[in-house]
Each structure stands twice: as structure tokens, then as C-alpha cells.
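1. missing the sequence, but the structure's below:
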């Protein structure tokens, strides 16, 4: 009876410890890292095509959103509400942006560059703040803080360098995604190895205690 209780206690302890060891999945960072590496590689290898594709996708999405807003405005107007003006105005703006993206891509390229620069600055500062407030390991804090500084610096460079070519901007973005993806992949593999080592060691300890 004592042996059975002891085995059950050891089994429960091993399960609890393994649960602690497997806290924090390595699969999501691995998938995200691989996608970031692929995306960054495409931007580095085909920057001109990437710019054209981004502009085409932006124009198509803007046109679709504009048509949906027009449909929403017509639906609201038929219901007798005066609130149809807001979606109507937004729909016109979306259609104009979509048409300009195909007819005058240079103007939309500059517009998207400014928007992307602001997103990089805000995202980088957010990563930097999260690095100081996070309870993660020191290595993770350093990586997160360094990534935030690089991302914010990239945003400032894009925002205050009007003569910076779109191709170079895309290559810089690709380089950032490539580096961040490699860091994520390496970190996830290290986490997987740590989990595997933990589970194996606990299983060996359990077998020895059972004997």
C-alpha cells in the first residue's frame, strides 16, 4: 500500500513538474519565425516586385472596402436614417485611394511609407516598454528591447528620409523580418530542447524512484 501511494505521489510530482516544464509553447514562435524568415527573404530578393504587389493589394482592398461602404450607405439610406453620410464619405475616400493606387502608385507609395513609419515607431516603442516591464528572462528582455530600438529607428529613418528609395525601404524591412524570424526560430528550438531534456530527466528520475 505504501509503495502504491509512493508511486502515485511520484507520478503526480512528475506530471506537475513536466507541466511546469512545458509552460510556454515552442510551436507558435517556430511557425511565426519561419513565416517571418520567408517573408523577409522575399522582400530582400524581390524588392521591386514586392512594392508592386503591396500597392496592388492595397488598391484592391481599398476598392473592395469602398464598395462595401457604398452598399452600407445605401442600406442605411433605405432605412430612412440620416447616418448614411458617414459610410458614403468613407466609401468615396476608399475608392479614390484604390484608384490612385493603380493610376498614380508613387503617391500611394509615399502615403504607405509614412503610415508604415508611424507603425514602426509605435511598435518599436511598445516593444521597448514591454522589455522593461516583462518578467521574462534577461536574454528575452535584451532581444525584445534591441528589436524595439531597431524597429523604431527604422521608422524614423523612413519618416525623415524623403529621398530614401522604396526599394531600399523594402529591403530594410525584409532584413528586419529575416533577423527577427531567425531569432524566433532559434529561441523556439532552444525552448523545445529544454522541454525535451526536462521531460526525459523527469521520466528517468521517476523510473529510478519506482525501482
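-> Great, that's in hand. This is a predicted model, so every value here is computed, not measured.
2. just want the most central residue of this protein.
-> residue 32 (7.6 Å; Cα atoms, centre = their mean).
3. does it lie in a helix or a strand, and which?
-> Using DSSP states H and E, residue 32 falls within helix 27-45.
4. who are the packing partners of whatever helix or strand comes next after that helix?
-> Per DSSP H and E, helix 27-45 leads on to helix 47-78 as the next helix or strand towards the C-terminus. With contacts taken as 3 or more Cβ pairs under 8 Å, 6 or more residues apart in numbering; DSSP states H and E, helix 47-78 sits against helix 85-103, helix 105-133, helix 166-210. The C-beta positions use only the backbone N, C-alpha and C, and glycine is treated the same way.
5. in the second one, which residues are buried?
-> I take that to be helix 105-133. 105, 108-109, 112-113, 116-117, 120-121, 123-124, 127-128, 131 (16 or more other Cβ atoms under 10 Å).
6. how far does it sit from the chain's center?
-> In terms of Cα atoms, centre = their mean, to the nearest Å, the centre of helix 105-133 is set 13 Å apart from its chain centre.
7. next helix or strand past that helix?
-> helix 138-159.
8. what's the angle from that following helix to helix 105-133?
-> Compare the direction of helix 138-159 with that of helix 105-133 by axes from the mean of the first three to the mean of the last three Cα atoms, to 10 degrees and you get 150 degrees.
9. check which residues of helix 138-159 are buried.
-> 141, 143-145, 147-148, 150-152, 154-155, 158-159.
10. isn't residue 107 right up against residue 97?
-> No: contact criterion Cβ atoms under 8 Å: residue 107 and residue 97 do not qualify, at 9.6 Å.
11. hmm, which helix or strand of the protein has the shakiest average pLDDT?
-> Across the helices and strands of the chain, the lowest-confidence element by mean pLDDT, DSSP states H and E is helix 2-21, at a mean of 46.
12. dump the helices and strands packed on helix 47-78 to JSON lines, plus distance to residue 49 and mean pLDDT.
-> Listed next are the helices and strands packed on helix 47-78 as JSON lines, based on distance: least, Cβ to Cβ, whole Å; pLDDT from 0 to 100:
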{"stretch": "helix 85-103", "distance to residue 49": "16", "mean pLDDT": "86"}
{"stretch": "helix 105-133", "distance to residue 49": "13", "mean pLDDT": "81"}
{"stretch": "helix 166-210", "distance to residue 49": "10", "mean pLDDT": "74"}
